[in-house]
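Q: Dropping a prediction and its sequence here:
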Amino acid sequence: MENKYIPFCQPMIGQEEIDEVVDTLKSGWLTTGPKTVRFEKMIAEYVGAKYAVAVNSCTAALHLSLLALNIGPGDEVITTTFTFASTANVIVQVGATPVFVDINRDSFNIDPEKIRKAITIRTKAIIPVHYGGQACDMDRIMEIAGEYKLAVIEDAAHAIGAEYKGRKIGTIGKATCFSFYVTKNLATGEGGAIATDDADIAAKAEVLKLHGMNRDAWKRYSKKGNWYYEIEECGWKYNMMDIQAALGIHQIKKLDGFNRTRREYAGIYDQELSKIGGVVIPREMEYGKHIYHLYPILLENADRAEFIEKMSANGVQCSVHFIPLHLQPYYRKNFGLKKEDFPNAQWVYEREVSLPLYPKMSRNDLDHVIHSVREVLR
């Protein structure tokens, strides 16, 4: 097979996005302006939410959602250890305490029964993470949240376009937070959004995302704008720029097509990799439509570091998602976490490798990855 290099991920940017960015540069609206407003409406319509607030990252979206729900010092927020640091960092940053629970081995998502056991009188919210594009078991999570009167903030950084029982992720919890980072299914370089049906959450997030001002640049400097503004809250600089939104306007139109391609490619991986001994392919849960932001395999017998090194030597860049938070020095030291407390997350982590999967890949690229896995494990 030809010697080639397949990066872990590449965004699919077309001429429409390029033309829209050029139009933005010529318009003079480089920061938050008409295209950001337009993109917000498109996000809300796509996921079926009443409101969408575009921000500069999913981290910002999670942070603002916690603040909008008045979660702070003395409160506890339950989440999974099997996630990126931002999910828990924002809990710490609002002064609350993250409480970590284990995952299920089949979905790699948070275990609802572990959530129930972790609830105390200080618990105020749950942040489930839709890992890799596979929805969590939201009926069970929402049932527990309703029983204990807890807010649910969905970390859907991997999951724009994913479905739970025929319903797009974005309107089940009080707020849903998306990422549009360059590796995501919808890419604006950097960026994120909050989707919500709660007018108060949307209104507070709008103010907090830009210094706490009651007017952004569009409201102040457009033809119908007004120069006067007031600082209503102590906020942050979390706004999305029109340059980013220009990409998003066309990326969201293509998103369903991107996700169909990801599912098609995942099916090819499933068919071929399931024939290779020592490889466990990811499972699609019966309640949700997986959109394969990640394609995580488990290695039953191989040394993972050696496998990744040999795949790289064969021109295939792999990754690992994630190094669990109970292994990270900050969380281990400050919250007394031990790997034996999270046996499923630890078990998955020790075996997981994420293979390249994205629409820009060709069938030859897929075949090269499959061939490389077979050759390395041989």
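A: Cool, the structure landed.
Q: make it CA atoms for all contacts and neighbour counts henceforth
A: Will do.
Q: Skipping its backbone neighbours, what lies nearest Lys289 in space?
A: Spatial nearest neighbour of Lys289, chain neighbours left out: Glu163 (4.8 Å); criterion: C-alpha to C-alpha, 6 or more residues apart in numbering.
Q: Provide a list of residues in contact with that neighbour.
A: Shown in contact with Glu163 (C-alpha atoms under 8 Å, 6 or more residues apart in numbering): Ala135, Ile169, Gly288, Lys289, His290.
Q: try 6 Å
A: Contacts of Glu163 were listed using C-alpha atoms under 6 Å, 6 or more residues apart in numbering, and they are Ile169, Gly288, Lys289.
Q: looking at the residues you listed, which has the most residues close by?
A: Greatest neighbour count in these, by other C-alpha atoms under 10 Å, goes to Ile169: 32 neighbours.
Q: which ones are touching it?
A: Contacts of Ile169 (C-alpha under 6 Å, 6+ apart): Ala162, Glu163.
Q: from what I can see Thr32 touches Ile243, true?
A: No: counting by C-alpha atoms under 6 Å, Thr32 does not reach Ile243; the two are 8.6 Å apart.
Q: which residues are contacting the strand or helix carrying Val21?
A: Assessed by DSSP states H and E, Val21 sits inside helix 15-27. Contacting residues not belonging to helix 15-27 are listed as Ile243, Ala246, Leu247, His250 [C-alpha under 6 Å, 6+ apart].
Q: Buried by neighbour count, from those residues: which ones?
A: Ile243, Ala246, Leu247, His250 (16 or more other C-alpha atoms under 10 Å).
Q: Quick one: mean pLDDT for the helix or strand containing the first one?
A: Under the assignment given by DSSP H and E, the secondary-structure element containing Ile243 is helix 242-273. Here the mean pLDDT over helix 242-273 is 98, rounded to a whole number.
Q: what angle separates that helix from helix 15-27?
A: Interaxial angle, helix 242-273 versus helix 15-27 (axes from the mean of the first three to the mean of the last three C-alpha atoms, to 10 degrees): 160 degrees.
Q: Buried residues, helix 242-273. List them.
A: Buried-residue list, helix 242-273, by 16+ other C-alpha under 10 Å: 242-252, 255-256, 258-259, 261-263, 265-266, 268-270, 273.
Q: so what does the helix or strand following the helix holding Val21 touch, helix or strand wise?
A: Remark: after helix 15-27, the chain's next helix or strand is helix 34-47, criterion DSSP H and E. Helices and strands touching helix 34-47, by 3 or more C-alpha pairs under 6 Å, 6 or more residues apart in numbering; DSSP states H and E, are strand 51-55, helix 242-273.
Q: just checking, next helix/strand downstream of the longest one?
A: For helix 242-273, the succeeding helix or strand toward the C-terminus, using DSSP H and E, is strand 279-280.
Q: Which other helices and strands does that following strand contact?
A: Judged by 3+ C-alpha pairs under 6 Å, 6+ apart, strand 279-280 is in contact with strand 295-299.
Q: Mind listing residues that contact the strand it packs on?
A: Contact partners of strand 295-299, identified using C-alpha under 6 Å, 6+ apart, comprise Gly278, Val279, Val280, Ile281, Arg351, Glu352, Val353, Ser354, Leu355.
Q: Ok, stretch 196-209 next?
A: Contact partners of stretch 196-209, identified using C-alpha under 6 Å, 6+ apart, comprise 49-51, 64, 68, 175, 213-214, 235-239.
Q: go with 8 Å
A: 49-53, 55, 60, 64-65, 68-69, 170-171, 173-176, 194, 213-215, 232-239.
Q: How about stretch 173-185?
A: With C-alpha under 8 Å, 6+ apart as the test, stretch 173-185 has contacts from 9-11, 57-58, 61-62, 65, 142, 151-160, 169-170, 186-198, 201, 255, 258-259, 293, 358.
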